[in-house]
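Visitor: okay, sequence plus prediction incoming.
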Amino acid sequence: MHNPPLAHLRFAINNQDYTSINILSIDAKKGILHALNRAYTSKIYTTNQSSKVRLAFFNAKSGVVRVAKALVAVLALMVAPVAVADAPQSRIVVGVPLEPPHLDPTTGAAAAVDEIVYANVFEGLTRLTPNGTVAPALAESWSASPDGLSWTFRLHPDVKFSDGSPFNAATVRFSLMCIVADGSTNAQKALFAPIHAVDVVDDHTVTIHLSRPMANLPYLLAWGDAAMVSPASAATNGTAPVGTGPYRLARWQRGGELELARREDYWGRAPRTDRVVFRFIGDPAAAFAAIRAGDVDAFPNYPAPETVGELKRNPALRVTQGLSEGKVIMAMNNARAPFNDIRVRRALSYAIDHQNIIDGAMFGFGQPIGSHYSRQADGYVDLTAVYPHDVEKARQLLTDAGYPNGLDVTLRIPPRPYATRSAEVLVSQLAQVGVRVKVETLEWAQWLDQVFGRKQFDLTIVEHVEPMDYDIYGRKDYYFGYDSAAFDALLAQVNAATDEATRSARLGDLQRLIADDAVNVFLFQSSRVSVAKTGVHGLWINAPIAANDMTGVWLDGASSAASTSASNRLPWGWLGFAALIALLAFSTYRLGAAWTAKKLFGHALTLLAASVVIFGLLQVLPGDPAAYMMGLNASPEAIATLREQLGLDGGVVVRYFAWIGGLLGGDFGTSYTYQTPVSDLIAERLAVSLPLAIAALVLSVVVAIPIGVLAARHRGKLLDGGLIAVMQTGIAIPNFWLGLLLILLFAVTLGWFPAGGYSGWTSLILPALALAAPQAAILARVLRTALLDTMNDDYVRTARAKGLSRNAALMRHALPNAWIPVLTVLGLQAPFLLAGGVVIENVFSLPGLGRLAFQAVSQRDLIVVQGVVMVLVAVVVLVSLIVDIAYAVADPRQRSGGRS
Amino acid sequence: MARLRPLSLKIGLGLTLTVCAITLLALIWTPADPLAQDLSQRLLAPSLAHPFGTDALGRDVLSLVMAAAANSLWVAGSAVALGLFLGVPLGLWAAGRSGWRDDVVMRGGDLIFAFPSLLTAVMLAAATGPSAFNAALALGVFNIPVFMRVVRGAGRGLWQRDYVTASRAAGRGTVAISIQHILPHLLGLLAVQAAVQFSVGVAAEAGLSYLGLAAQPPAPSWGRMLAESQTLIGTAPWLAIFPGLAIFVTVLALSLTGDGLRDRLDPRLKREV
């Protein structure tokens, strides 16, 4: 399969996005290694080896080491986050919609990476200013030769990477040659292709030699893709970024937040804020809740335009609207019918009412465009009048093209709010000209594979966020299938232009040609809506590049939003472990070793069977993890290599036993996406999910007992009737709806609790309430019924006949015996609370276990899915063991009985 | 209490019939075209013209809520049907064949129960691609062991009855006996369980479509309406209230019906969940 190059398409996507990641870079580094062999053999070879070792470690053979390592890792990670006091430093919490899969800006194509590291952690020779002009960064000055074929850059002296290694001319050569080397996975490799040599003139001077003139070289060098990296750390920048910027990575809680800390040894002017926390909030509702509740200080790329009207009325917040580089297009498959016919493409262009889409889908936060070109870029030509909204003309064109009765097409979109919202409006607009659209929302991984990779689509909607990416129209194998000799000629002229005027003129022609050929429907250019507390200064208004430059940002007056830095957490791992031991000891003492062993064996069998089912299920799911990870421009050989490295190439049985073997030693494997041990990820998420489940469980029991007892006590009376109505209501109310109503009341209106995100135990109160309510209703009902049943039993009747009061009989005789059905229900509920909270976790945007699994499925991070499900099944089994023990203790007859 | 039980059945049946009637009505008539967008009419508060208000695209919320009922009931209903079609025969078979075959079937059921249902449904739906059909499938899988257990549990007892023994003596096979003598006695129980699972299904479908894993736009769906309302909850609370109420009423109707039926069939049956 031949894949199109991914370069130049950076999707504004969430963290389920294109997962190029480190594994990919390992392969890349091999290629680079080859290319740069002579100069850097020793150093790169070492790093390359170490990453291999890292992978190999995951298949480590030494059982003892593995067991010890796993135990230490799991337990230490559960125990580690015990209350760390925040130093009195200036800090700012910034909401970002997308979590990057890794932090290396020079590999892969995730804009989310630049949003975190650009100018903060990594710097290039040049940089972009907030208004899009090029400014010096690591290079103090530069000049081009008259023929435009060589550029000399004068570097800043005394610059050091955050690991202490020096930055000099050799580093520049290394960084730039990495981009263009064979096997490079740099997303912009094609743009930098003219660089054929980099000469080290002296320690602080380099000359870049080009094969053809590049008038925009300083501009391109300002991109994150051209960031300067140190040979010593290039292979590990994905997880442990080392740059020359003013900040370094302090911690990264996957799925939650990432913290940057100021470097004391930074070469330039020190930034004003000591610590920057990027909190990942992809869901528009959660973003709204977070900014409203003050959980974040600023949201520079705010994803919920519909709420801006309300936020503008809030005196504590300031809303700004600037331009982003995001061009949202409805791409048409030019390579196949009906869209290989220009009349059909033009018909669709006429059918669209741009302003209506901007208002309807984006609440007015967008600007119309007429071609694939940003309004803020040099040489922009306004072509929005080429295809005015004209239903009649559209119908006529369709008739001319042979579709007098309209046509049926499929619109396959990625799961992003701009796409789903635009789709809803588009469907109704296209219906007016007789184009009947069927919408299919794909998972991001599916979209990349089927639409972007294999071009199985009629229409799609996607946002191209890369600046100046017109050259994608010249790519022969690009997903929308445009192929025009006229365009190629123009593109060559643009690239060859040495003076700005000619270049500008050719760029204008190029925009006109794309518009004239109606290659795609250019829906709008996204606005960059930024919301911040009024005390936040220095944020960019426009986004000439996807970045959150925090170097000039500070927060005055009020203190910053609370950290989620692991305060108020208990060592759940140790507590759980101790509890399990205590439970088994108790069971052995009370019920005998034989009974305990028998039960343990039965449950272990269930676990084993479950592991087979999980493993089998995931094998038959569509989607090859290696293919997803390698992205779209990987060769089949590279994918095969990766499969081998991941241990995916063996037979199913072999792989199953390898996985199980690891599990028995406590090794859950290494996450494909995050490149961290799965056990770490699970432990992090359990630290949120477990307290939530326990709180909900306790809460539901505490509420259910009095209600159940009261109802039973007043059986048949009005109170009973009223309580039954309450229980029925509680059972029927969808818990996530309850969650929404709780947010509305307690977080948005009263402001008592955080509305979303995880910032200590107060964040768990509302979700626990929402989770507990239906459970409490069910428990209360079961308790009431059980009480009434036992009240009819002989011994209770005897007690009553003996002269015991109804109350006394109820409390002393009926209640203790009503426990059994209640326990059964509790046993069924407990695992639900841990796992079934996935919807609640979404409502409150908590980084819990359910969301981890949800996310891992979309990323085809199968090893994580297996791990999470296995943990949950283990919980189910554990709870049923506890219930068995409780049964046996409560009812001695059960002891001799067989299975649970 | 004795007075309350028939009451819950009456209320449940009444509500269920109302929901069904509205669903059917929505197939042929709604106050406005549920998909007609009119941006000049966006986010209007409830009024006579739009009793439930309008949404962000100017669509009539009442019409959307009505039209979404069919989708919700379809998914939950298909999930129940899947459970019935696979769970009942398996349960009958397990009841008729004791020994290892029974063990295998029932342990299989236990195994499915060991998986957290909603999360697994979420994963199945996410993995197979979000659509109403896949949501029905994912929810249906978890209904299979539910019906299997009910049928097997009650069927076991029936196999001890004299007329079954007589029938066996007359040389009839397991299949014939199961269909002729066992199944008819289980219909009531199955109706109860079907109503309960139906109500669970409606709630679960709402959860899946809230996550964007069930019906896709522009098809109206309660769960997705709630998801879309979340950011507008401060300015347009009606968007969050009415679809939520619709889910609530439907679930309530079905669960009351289930409870009422259960009490009617056997007042001594314990109300286990």
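Guide: On my side now, so go ahead. Numbering: from 1, shown residues only, chains lettered A, B, ... in the order given.
Visitor: where does the chain have its least confident helix or strand?
Guide: In the absence of a named chain, this looks at chain A. Ranked by mean pLDDT, DSSP states H and E, the weakest helix or strand in chain A is helix A:37-57, scoring a mean of 35.
Visitor: ah, I was thinking of chain B
Guide: Min over SSEs of chain B, mean pLDDT, DSSP H and E: helix B:117-128 (a mean of 72).
Visitor: what are the phi and psi values for A:Pro368?
Guide: Main-chain torsions, A:Pro368, degrees, to the nearest 10: phi -70, psi 140.
Visitor: check the one 4 residues further on too.
Guide: Summarising the backbone geometry of A:His372 under the convention degrees, to the nearest 10, its torsions are phi -90, psi 70.
Visitor: ok, it - contacts?
Guide: A:His372 makes contact with A:327, A:329, A:464, A:469-470, A:472-473, A:511, A:514, A:519-520, A:522, according to Cβ atoms under 8 Å, 6 or more residues apart in numbering or on different chains. Heads up, the C-betas are built off the backbone N, CA and C, glycines and all.
Visitor: let's see which of those end up in helices.
Guide: A:511, A:514 (DSSP state H).
Visitor: quick check, nearest of the contacts of A:His372 to chain B?
Guide: Ranked by distance to chain B (Cβ to the nearest Cβ), the contacts of A:His372 are led by A:Ile329 at 19.0 Å.
Visitor: would you enumerate the residues in contact with that closest one?
Guide: A:372, A:461-464, A:520-523.
Visitor: swap in A:Val134?
Guide: Counted by Cβ under 8 Å, 6+ apart, A:Val134 has contacts A:126-128, A:218-219, A:222.
Visitor: are any of these buried, and if so which?
Guide: Among the contacts of A:Val134, the ones that count as buried by 16 or more other Cβ atoms under 10 Å in any protein chain shown are A:126-128, A:218-219, A:222.
Visitor: so B:Pro31 sits right up against B:Ser63, yeah?
Guide: Yes - the pair B:Pro31 / B:Ser63 is scored as a contact, 5.4 Å apart, by Cβ atoms under 8 Å.
Visitor: those two: which is more packed in?
Guide: B:Ser63 (23 against 14; other Cβ atoms under 10 Å in any protein chain shown).
Visitor: so for the helix or strand hosting that one, mean pLDDT?
Guide: B:Ser63 is part of helix B:61-96 when elements are defined by DSSP states H and E. Helix B:61-96 shows an average pLDDT of 93 in the prediction.
Visitor: how many residues are close by A:Pro847?
Guide: Neighbour tally, A:Pro847, other Cβ under 10 Å: 22.
Visitor: three-state assignment of it?
Guide: For A:Pro847, the assignment made with DSSP: H, G, I helix; E, B strand; the rest coil gives coil.
Visitor: for burial, what's the neighbour tally of the residue in the stretch 251-400 of chain A that chain B sits nearest to?
Guide: The stretch 251-400 of chain A approaches chain B most closely through A:Ala285 (3.4 Å), counting by Cβ to the nearest Cβ. Per other Cβ under 10 Å, the neighbour tally for A:Ala285 reads 27.
Visitor: one more: B:Trp74?
Guide: B:Trp74 has 16 neighbours, counted by other Cβ under 10 Å.
Visitor: which non-adjacent residue is nearest it?
Guide: B:Ala132 (7.0 Å; Cβ to Cβ, 6 or more residues apart in numbering or on different chains).
Visitor: related to what we said a few turns ago, can you flag which of the contacts of A:Val134 belong to strands?
Guide: Residues of those located in strands (DSSP state E): A:126-128.
Visitor: what is the subsequent helix or strand relative to the host helix or strand of A:Val688?
Guide: Element membership for A:Val688, per DSSP H and E: helix A:678-713. Toward the C-terminus, helix A:678-713 is succeeded by helix A:718-732 as the next helix or strand (DSSP H and E).
Visitor: quick one: pLDDT of A:Ser560?
Guide: 57.
Visitor: whoops, A:Asn120 was the one
Guide: Confidence score, pLDDT, at A:Asn120: 94.
Visitor: stretch A:747-765 vs chain B: in contact?
Guide: Yes - counting by Cβ under 8 Å from any Cβ of the partner chain, contacts between stretch A:747-765 and chain B involve A:Val748.
Visitor: hmm, who's touching that stretch?
Guide: In contact with stretch A:747-765 (Cβ under 8 Å, 6+ apart) are residues A:256, A:279, A:281, A:285-286, A:289-290, A:292-293, A:295, A:561-564, A:567-568, A:688, A:691-692, A:695, A:743, A:746, A:766, A:843-847, B:233-234.
Visitor: now, of these, which are buried?
Guide: The buried subset of these - by 16+ other Cβ under 10 Å - is A:256, A:279, A:281, A:285-286, A:289-290, A:292-293, A:295, A:561-564, A:567, A:688, A:691-692, A:695, A:743, A:746, A:766, A:843-847, B:233-234.
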